[in-house]
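# sequence first, then the predicted structure, then my questions.
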Amino acid sequence: MKRSLIVAALATVAAGTSFAQSSVSIYGRLNDSVERQKTGDDSKSVLQNNASRIGFKGVEDLGGGLKAGFQLEHGFNADTGTQSQTAFWARQSEVFLQGGFGTLRLGRFTSEAYYATADYVSMHNHDTGTSSDAFYNYVSRDQNKVAYRTPEFIAGLSVEGAVSLSENAAGPTDLERAHSYDFAANYNVGALALGLGFAKNADDKQIGLRALYTIGDFTFGGYYQRAELGTSVGLGTNDGKINVVRLSGMYAMGASEFHINVGAAGKIDGIDGTDSKQFTLAYNYNLSKRTKVYAFATKVDNKANVGYMSGTDGADFSSLALGIRHNF
C-alpha cells in the first residue's frame, strides 16, 4: 500500500514537472464594425468583419536552451460565423525549433517583410478592414515555407529569411513553378524603430523601408515601397513598376488615441490615370488592455485607370465606421 502511494506521488511530481516545461494557450480576436460604405455612386450599410481569428500556440522546453513550439491560427467572419479563407489554418500553421543558433520555422505564415514595413506603421486597426492599407503590394507566397531567424548578434537587430517551396508545381505560369523568397530586418534603438523588407515571387518583387519614432505621447512614421509586378501575378491591371508611400501618426491621451494615415500609390510605369491616394482619420478608446471601441473615416481617391479598394477603375471608395475589437 505504501509503495503504491509512493509511486503515485512520484508520478504526480513527474507530471507536474512535464507540464511546467511545456505550455499551450488559446488566443484570438473578434473585430466588427458597423459601416456606411460608398463605392462610386453606390452606398450600402454593412456589418464589416475585420480579420477576426482564433489561434492555438505552445512551446516545450527541451533543455540546454533548446525549445520546440507551434502556432495554429484560423480566420473567420465574426459577422456571420463563417470561415473567412479557403484553407482552415490559412492565417498560420507552423512548427519551430529555437535555440542559441536562432529559430527554424516550417509551415504556413505571413511574410516578415510585410510585418517589418506596412503592418508596423498600421497602428489604427492593424491593417484590417476597409481602413487598411489599399496600396501595399504583397507578393510573397505563404505556404510550403522554410524560414530562419538569426539570434540578436547586435542588440535590437532581428533578421529573418524565408523560402516558399514550389514543390515542382506544373503550372501554366512562372508564378506557379518558382520558389518565393522574402527577407526582413528590424532594428529598434530607443524611440526609433527601423525596418527593411524584400520579397520575390517569380517575376514579381518588392522592397520596402520603414521608420517609426515615438516622442512623448506622439508616434509618427511611414514606409516607402518600390514594387515590380509582372503580368503572370494575376493582380489585374495594376501590373508594372510602382512606388508606394504611406505616412501615419498617433497621439495618445490617456485611454484615447487619435490617428491619421495618408497613403499614395504612384503612376504605374509612369502612365497617367494610374495613381491614387488614401486618407484615414480614426479615434480609438481603450476600455481595457484587451478591448477598444473605435471610429474612423477613410477614402480612397482613384484616378481613371485604377480601382484600389473599389475593384472598379475610376471608382472611389469611402467608409464611415464604428467598431468594437476584443482580444482574448
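On my side now, so go ahead.
# what bridges to residue 23?
Residues in a beta bridge with residue 23, per DSSP bridges, are residue 59.
# isn't it right up against residue 59?
Yes. Counting by Cβ atoms under 8 Å, residue 23 does reach residue 59; the two are 6.1 Å apart. Every C-beta, even on glycine, is put in place using the N, C-alpha and C of the backbone.
# who has more neighbours out of those two?
Per other Cβ atoms under 10 Å, whichever of residue 23 and residue 59 has more neighbours is residue 59, with 17 against 12.
# separation between that one and residue 108?
Distance, residue 59 to residue 108, by Cβ to Cβ, to the nearest Å: 19 Å.
# other residues contacting stretch 53-67?
Residues outside stretch 53-67 that contact it (Cβ atoms under 8 Å, 6 or more residues apart in numbering): 21-29, 68-76, 91-92, 97-100.
# mind redoing it with 10 Å?
The contact list for stretch 53-67 (Cβ atoms under 10 Å, 6 or more residues apart in numbering) reads 18, 20-31, 68-76, 78, 84-85, 89-92, 94, 96-101, 103, 328.
# please pick the buried ones from the residues you listed.
Buried members of the contacts of stretch 53-67, scored by 16 or more other Cβ atoms under 10 Å, are 28-31, 69-76, 78, 84, 89-92, 94, 96, 98, 103.
# before we move on, back to that, next step: the contacts of stretch 53-67 restricted to strands.
In this view, the contacts of stretch 53-67 that belong to strands under DSSP state E are 22-31, 68-75, 92, 94, 96-99, 103.
# please, where are all the strands along the stretch 151-300 of the chain?
For the stretch 151-300 of the chain, applying DSSP state E, counting those that start in this stretch gives strands covering 157-164, 180-189, 192-201, 204-215, 218-229, 240-253, 256-265, 276-286, 291-302.
# just say which of those strands is most tucked in.
Of all these, strand 192-201 has the most neighbours on average by mean count of other Cβ atoms under 10 Å, namely a mean of 21.
# elements contacting that one?
helix 112-116, strand 157-164, strand 180-189, strand 204-215, strand 218-229 (3 or more Cβ pairs under 10 Å, 6 or more residues apart in numbering; DSSP states H and E).
# strands paired with the second one, and their directions?
Meaning strand 157-164. strand 145-149 (antiparallel), strand 180-189 (antiparallel).
# by how many degrees do it and strand 192-201 diverge?
Between strand 157-164 and strand 192-201, the angle comes out at 10 degrees (axes from the mean of the first three to the mean of the last three Cα atoms, to 10 degrees).
# now the last one
Here strand 218-229 points in a direction 20 degrees away from that of strand 192-201 (the same axes, to 10 degrees).
# go on, the third one?
Using the same axes, to 10 degrees, one finds that strand 180-189 and strand 192-201 are set 180 degrees apart in direction.
# just the C-alphas of strand 180-189, formatted as PDB.
What follows is strand 180-189, C-alpha atoms only, in PDB (Å, rounded to 0.1, in the frame of the first residue of the first chain):
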ATOM      1  CA  SER A 180       9.200  32.500 -53.500                       C
ATOM      2  CA  TYR A 181      11.700  34.400 -51.300                       C
ATOM      3  CA  ASP A 182      11.400  37.100 -48.600                       C
ATOM      4  CA  PHE A 183      13.800  38.800 -46.200                       C
ATOM      5  CA  ALA A 184      13.200  41.100 -43.300                       C
ATOM      6  CA  ALA A 185      15.300  43.100 -40.800                       C
ATOM      7  CA  ASN A 186      14.100  45.100 -37.800                       C
ATOM      8  CA  TYR A 187      16.200  47.400 -35.700                       C
ATOM      9  CA  ASN A 188      15.000  49.100 -32.600                       C
ATOM     10  CA  VAL A 189      17.100  51.600 -30.700                       C
END
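# chain center to that strand, what's the gap?
Mean C-alpha position of strand 180-189 versus that of the full chain (Cα atoms, centre = their mean, to the nearest Å) differs by 14 Å.
# tell me the mean pLDDT over it?
Computed over strand 180-189, the mean pLDDT rounds to 96.
# picking up where we left off before, distance to residue 124 added to the strands of the stretch 151-300 of the chain, as CSV?
Below are these laid out as CSV (distance: least, Cβ to Cβ, whole Å):
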stretch, distance to residue 124
strand 157-164, 24
strand 180-189, 20
strand 192-201, 17
strand 204-215, 14
strand 218-229, 11
strand 240-253, 8
strand 256-265, 4
strand 276-286, 4
strand 291-302, 7
